[in-house]
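**Q** I need the structure of the sequence given here:
(2 chains)
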Amino acid sequence: MVDLLFILVKIVVVFVALLLSVAYLTWLERKVLGHMQSRLGPHRVGINGLLQPIADGIKLFFKEDVIVTAADKVVYHLAPFIIVSTALLTIAVIPFGDAIKIFGHNILLRIADVNIGLLYIFALSSLGVYGIVLAGWSSNNKYALMGGLRSAAQMVSYELPLGLSTIGVLMQAESLSLSKIVQAQAAQGWFFLPQFIGFLIFFICAVAECNRTPFDLPEAEGELVAGFHIEYSSMKFALFFMAEYASVILMSALIVTLFFGGWLGPSFISCPAWCGPIWFGVKVFIFSFIFIWLRATFPRFRYDQLMKFGWKVLFPLSIINIAVTAVVMMR
Amino acid sequence: MAETRLNPQVRTETMILHMGPQHPSTHGVLRVDLELDGEVIQRAIPYLGHLHRGIEKLAENKTFHQVIPLTDRLDYLGPMVNNLGYALAVERLLGLQVPERSQVIRVIMAELTRIQSHLVWMGTHVLDIGAMSPIMYCFREREQILDIFEMVAGARMNPSYIRVGGVNGDLMSAARDKIAMFAETFPKHIKEYEDLLTNNPIWINRTKRVGTITAEEAIDLGTTGPTLRSCGYKWDLRKTNPYSGYETYQFDIILGKNGDVYDRYWVRIEEMKQSIDLIKQGLKKLKPGPIYADEAKVIPPIKEKVMTDIGALIHHFKIISEGFKVPEGEVYQAIETPRGELGFYIVSDGSSKPYRFKIKTPSFMNLMALDTLAKGRLLADIVAIIGSMDIVLGEIDK
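**A** Here you go, the predicted structure:
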């Protein structure tokens, strides 16, 4: 009974923390982009615009929910929920700390320790594509349709190298469980050094999976205006928005877990177990920042170039990476 | 892409996509009907007229002096050059000789306009291709130029500064210092943009060998300005048909090689550097002197005299209310604006209003090449192509 209570508390705490960080990632993005572009970013609502995400949320909530007459109603309503729930559910298997003791109970700092954690994440992120494709198709808009088609092709092509680039890590850690992978890094050192190529491929694919610049083709505002979510307004639009930022955080969390030692701090600093979530948070923040930084710097790829890059560069490279890892480990 | 039809029994259709008039990348209110096969463009037909104000017809009912504000509103990113083109045309009809100082000021203003127009072009073009930062940097520098315009002419967007027979108000020393300072600092900023783009592989992929056009095609389609020069064709009216004393300045025509989007980008970047050089030369040439031509029939007397001398007051009233009379005849005067050849064709019947007023605008000519450039390219390319042509709908629709 007490265990169940602890799980419930953990779920609530984690999801509230995730949603808050999603909200404040939008603030961070606007602020960082602003300063990189010699502007100020939001600074009117609250100190330094800190209440801006809340104001935005309230505004979107009260906006009229325009429903396209020619849309396929069921799918149209379903799509934002698919994309946001698959994005948020991924957090369940991410470990953000080792076991700590509270009131004599040994508590693991993760919602679920699934032994196939990584597969679970890939399964969910593949499902997330449906959200985008269905949104694009059901809106009955040509721009949205093309955005949906592009994202279908993009996600499928980048999921492969994304998955393959982690295999090197799996071989070294000998487990699919994310907490085991972190523990293996405690013993062997962080994996981004031996798996540097894998890390690079994973990072590039992660950017593509989140539909972020320079891979933001599905919503390419230059040509497709807003792509797959062009016909969505009000809270449904906000859900797409949330899903995008949630996946930025989750992909950063995944990079940290797989390649940068998860909750582990640098080995020369000794810190009790409760430091874990702090280290984890700091690292996730750094990678989220890099996502934003990329957006301020790069132009967008073209559709065919994106495909070529995925299949002709990243895919062979990730296979070579596996082979090299295998050869090195055999010796 | 036609080979993708696996089963000949299945009927396939192309998709018509209406791009614009409200679209972030059509630079105003251009509407393009695209015929798409998947993402490949089969046809691109531009539809014009959403911003038509009838400037040519309006001008026929205004005195020659009153037409100047209309020319501001043609190409709203290069108002000074529009003024200049019009003023030169009327001056040729009148046979007016503009004083030296005024000519130098005109050149400086025209080159500043070129820079600010290219800055807006670059910001929006790069934004279309997906990089969102350069537009902010470009507008930061453009702001300085607009400040200079404000100091000189009192207005930022529509200054109506260059008048028939001279310029409206002298270039004060404060403005001159600001121009000199801008000329010093601006090259550093160009380097900033180039750091972000010129060698960026994504940028090169998106622009090289995209929207290619040969010099012959470019001439057949009537394109002008950087679009024509990017194919390597030597044509710059500042050199080939000099006006306002451009023949006394040292500069070369900047030429591209391949006529693709990247070369158009490169030509404009180099033109900005060259404009800075021309401005520096102009500042050196700036000698004290009158700014208006000495022609009492065209130029109203100075305000001080109007207030004190009855003859001057009558003279002023006559020129302002009735307008100055322009001798019978017709003239075509073309100048090199940031976008290319801007031509004013004016027929005068000897009255104070133009009998016929026709404008040949560079954006209109360049837009005609859209279909040729876009055919067979991907949807994402048309955005790059429209951006690279640097169209301004204000002067296309007139």
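**Q** and the strands in the stretch 101-250 of chain A?
**A** Secondary structure of the stretch 101-250 of chain A (DSSP state E, counting those that start in this stretch): strands located at A:105-107.
**Q** so where is it shaky, pLDDT-wise?
**A** Residue ranges of the stretch 101-250 of chain A with pLDDT under 70: A:104-105, A:218-223.
**Q** give the contact list for the residue nearest to B:Glu336 when sequence neighbours are not counted.
**A** Nearest non-adjacent residue to B:Glu336, counting by C-beta to C-beta, 6 or more residues apart in numbering or on different chains: B:Leu237, 3.9 Å away. C-beta: built from backbone N, CA, C; applies to glycine. Neighbouring residues of B:Leu237 by C-beta atoms under 8 Å, 6 or more residues apart in numbering or on different chains: B:243, B:334-336, B:341.
**Q** burial count for the residue of chain B found nearest chain A?
**A** Using C-beta to the nearest C-beta, the single residue of chain B nearest to chain A is B:Gly130, 2.7 Å away. Neighbourhood size, B:Gly130 [other C-beta atoms under 10 Å in any protein chain shown]: 27.
**Q** quick one, phi psi at it?
**A** Dihedral pair for B:Gly130: phi 120, psi -10, per degrees, to the nearest 10.
**Q** wouldn't it be in contact with A:Pro299 here?
**A** Yes. The pair B:Gly130 / A:Pro299 is scored as a contact, 4.3 Å apart, by C-beta atoms under 8 Å.
**Q** in chain B, where's the longest helix?
**A** For chain B, the longest helix by residue count, based on DSSP state H, is helix B:100-129.
**Q** would you indicate which residues of stretch A:271-282 are buried?
**A** Buried residues in stretch A:271-282, counted by 16 or more other C-beta atoms under 10 Å in any protein chain shown: A:275-277, A:279-281.
**Q** how far away from the center of its chain is it?
**A** Relative to its chain's centre, stretch A:271-282 lies at 20 Å (C-alpha atoms, centre = their mean, to the nearest Å).
**Q** C-alpha coordinates for it, CSV please?
**A** The C-alpha trace of stretch A:271-282 is given here as CSV (Å, rounded to 0.1, in the frame of the first residue of the first chain):
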residue,chain,number,x,y,z
CYS,A,271,28.4,13.7,-3.6
PRO,A,272,25.6,11.8,-1.8
ALA,A,273,22.8,10.0,-3.7
TRP,A,274,20.5,13.0,-3.7
CYS,A,275,22.9,14.9,-6.0
GLY,A,276,21.8,12.5,-8.8
PRO,A,277,18.8,14.4,-10.0
ILE,A,278,20.7,17.7,-9.9
TRP,A,279,23.5,16.4,-12.1
PHE,A,280,20.9,14.9,-14.3
GLY,A,281,19.0,18.2,-14.5
VAL,A,282,22.1,20.2,-15.3
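**Q** what kind of secondary structure is the residue in chain A that chain B sits nearest to in?
**A** Nearest residue of chain A to chain B (C-beta to the nearest C-beta) works out as A:Arg300 at 2.7 Å. Counting by DSSP: H, G, I helix; E, B strand; the rest coil, the backbone at A:Arg300 sits in coil.
**Q** ok, the residue most central in space within chain A - contacts?
**A** When C-alpha atoms, centre = their mean is applied to chain A, the residue found nearest the centroid is A:Ser247 (2.6 Å). Applying C-beta under 8 Å, 6+ apart to A:Ser247 gives the contacts A:87, A:90, A:125, A:128, A:209-210.
**Q** top of those by neighbour count?
**A** Going by other C-beta under 10 Å, A:Ala87 tops the contacts of A:Ser247 with 29 neighbours.
**Q** so who does that residue touch?
**A** Residues near A:Ala87 by C-beta under 8 Å, 6+ apart: A:124, A:128, A:242-243, A:246-247, A:250.
**Q** do the same with B:Val326
**A** Contacts of B:Val326 (C-beta under 8 Å, 6+ apart): B:64, B:90, B:93-94, B:348, B:350-352, B:354.
**Q** neighbours of A:Arg331, how many?
**A** 4.
**Q** then B:Gly165?
**A** Neighbour tally, B:Gly165, other C-beta under 10 Å: 25.
**Q** so it is in contact with B:Asp294, correct?
**A** No. With contacts counted by C-beta under 8 Å, B:Gly165 stays clear of B:Asp294, the gap being 9.0 Å.
**Q** which parts of the stretch 1-150 of chain B sit against chain A?
**A** For the stretch 1-150 of chain B, the residues in contact with chain A (C-beta under 8 Å from any C-beta of the partner chain) are B:15, B:17, B:23-25, B:39, B:126-133, B:136-137, B:140.
**Q** any quick PyMOL command for the buried ones out of these?
**A** Restricted to buried positions by 16+ other C-beta under 10 Å, the PyMOL selection for those reads:
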select buried, chain B and resi 17+23+24+25+39+126+127+128+129+130+131+132+133+136+137
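**Q** keep only those of the residues of the stretch 1-150 of chain B next to chain A that are in helices.
**A** Of the residues of the stretch 1-150 of chain B next to chain A, the ones assigned to helices by DSSP H are B:126-129, B:136-137, B:140.
**Q** pipe those residues into CSV and attach pLDDT per row.
**A** CSV is the format used below for these (pLDDT from 0 to 100):
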residue, pLDDT
B:Val126, 88
B:Leu127, 86
B:Asp128, 85
B:Ile129, 85
B:Met136, 88
B:Tyr137, 89
B:Arg140, 89
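**Q** okay if I get the residues you listed as TSV plus distance to A:Ile132?
**A** Rendered in TSV, the data for those read as follows (distance: C-beta to C-beta, whole Å):
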residue	distance to A:Ile132
B:Val126	26
B:Leu127	24
B:Asp128	23
B:Ile129	22
B:Met136	29
B:Tyr137	32
B:Arg140	36
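**Q** which single one of these is nearest to A:Gln52?
**A** Proximity to A:Gln52 was ranked across these by C-beta to C-beta; first place goes to B:Met136, at 19.0 Å.
**Q** contacts only, for the closest one.
**A** A:37-39, B:123.
**Q** mind running it again at 10 Å?
**A** Shown in contact with B:Met136 (C-beta atoms under 10 Å, 6 or more residues apart in numbering or on different chains): A:33-34, A:36-39, A:296, B:123, B:127.
**Q** of the residues you listed, select the buried ones using a PyMOL command.
**A** Filtering the contacts of B:Met136 down to the buried ones (16+ other C-beta under 10 Å) takes a single PyMOL command:
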select buried, (chain A and resi 33+34+36+37+296) or (chain B and resi 123+127)
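**Q** secondary structure and distance to B:Ile396 added to the contacts of B:Met136, as JSON lines?
**A** As requested, the contacts of B:Met136 are arranged in JSON lines below (DSSP: H, G, I helix; E, B strand; the rest coil; distance: C-beta to C-beta, whole Å):
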{"residue": "A:Leu33", "secondary structure": "helix", "distance to B:Ile396": "33"}
{"residue": "A:Gly34", "secondary structure": "helix", "distance to B:Ile396": "34"}
{"residue": "A:Met36", "secondary structure": "helix", "distance to B:Ile396": "34"}
{"residue": "A:Gln37", "secondary structure": "coil", "distance to B:Ile396": "30"}
{"residue": "A:Ser38", "secondary structure": "coil", "distance to B:Ile396": "32"}
{"residue": "A:Arg39", "secondary structure": "coil", "distance to B:Ile396": "31"}
{"residue": "A:Ala296", "secondary structure": "helix", "distance to B:Ile396": "33"}
{"residue": "B:Gly123", "secondary structure": "helix", "distance to B:Ile396": "20"}
{"residue": "B:Leu127", "secondary structure": "helix", "distance to B:Ile396": "20"}
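**Q** any chance of the contacts of B:Met136 in a markdown table, plus distance to A:Phe203?
**A** Listed next are the contacts of B:Met136 as a markdown table, based on distance: C-beta to C-beta, whole Å:
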| residue | distance to A:Phe203 |
| --- | --- |
| A:Leu33 | 20 |
| A:Gly34 | 24 |
| A:Met36 | 20 |
| A:Gln37 | 24 |
| A:Ser38 | 27 |
| A:Arg39 | 27 |
| A:Ala296 | 17 |
| B:Gly123 | 29 |
| B:Leu127 | 25 |
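**Q** among the contacts of B:Met136, which one lies nearest to B:Ile279?
**A** Nearest to B:Ile279 among those: B:Gly123, at 20.6 Å, using C-beta to C-beta.
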